[in-house]
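**Q** What would the 3D arrangement of this be:
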Amino acid sequence: MPVEKFRDLEQAWRALWLPVGDPAIGRRCRALWRRWALIVPPVIPRGVQKFRSLAEAHAERERRRAQAQPRLFRQ
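**A** Numbering: from 1, shown residues only. Prediction:
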């Protein structure tokens, strides 16, 4: 990989972008998602959950999402 020189930070940021349709975009996305899953693994409840109504199922989903927020944005 060649060494590149940049005059300012803006040029360095632009060098990181890939052109539209580049096959490396998919590889970069997969690598990013793998790293993200290692840092913050998804919390998936085990087993089958039954709900009396659709509203109750939505409330449970929102409760789990609210619990995940502190994990995602820890300081």
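**Q** Off-centre distance for the one helix or strand residue 31 maps to?
**A** For residue 31, the host element (DSSP states H and E) is helix 24-39. Computed by CA atoms, centre = their mean, to the nearest Å, the chain-centroid distance of helix 24-39 equals 8 Å.
**Q** Quick one: name whatever helix or strand follows that helix.
**A** Following helix 24-39 in sequence, per DSSP H and E, is helix 54-72.
**Q** what's near enough to touch the residue of the chain positioned farthest from its centre?
**A** Most distant from the centre of the chain: residue 52, at 31.8 Å, with distances by CA atoms, centre = their mean. By CB atoms under 8 Å, 6 or more residues apart in numbering, the contact set of residue 52 is empty. The C-beta positions use only the backbone N, C-alpha and C, and glycine is treated the same way.
**Q** Report the separation between it and residue 59.
**A** Using CB to CB, to the nearest Å, we find residue 52 at a distance of 11 Å from residue 59.
**Q** Report the residue spans of the protein with pLDDT below the cut-off.
**A** 1, 69-75 (pLDDT under 70).
**Q** Contact partners for residue 59?
**A** Residue 59 touches nothing, counting by CB under 8 Å, 6+ apart.
**Q** Numbering from 8 from now on, please.
**A** Taking 8 as the first residue, the last one we looked at is residue 66.
**Q** That one and residue 50: what is the separation?
**A** Where residue 50 is concerned, residue 66 sits at a distance of 17 Å (CB to CB).
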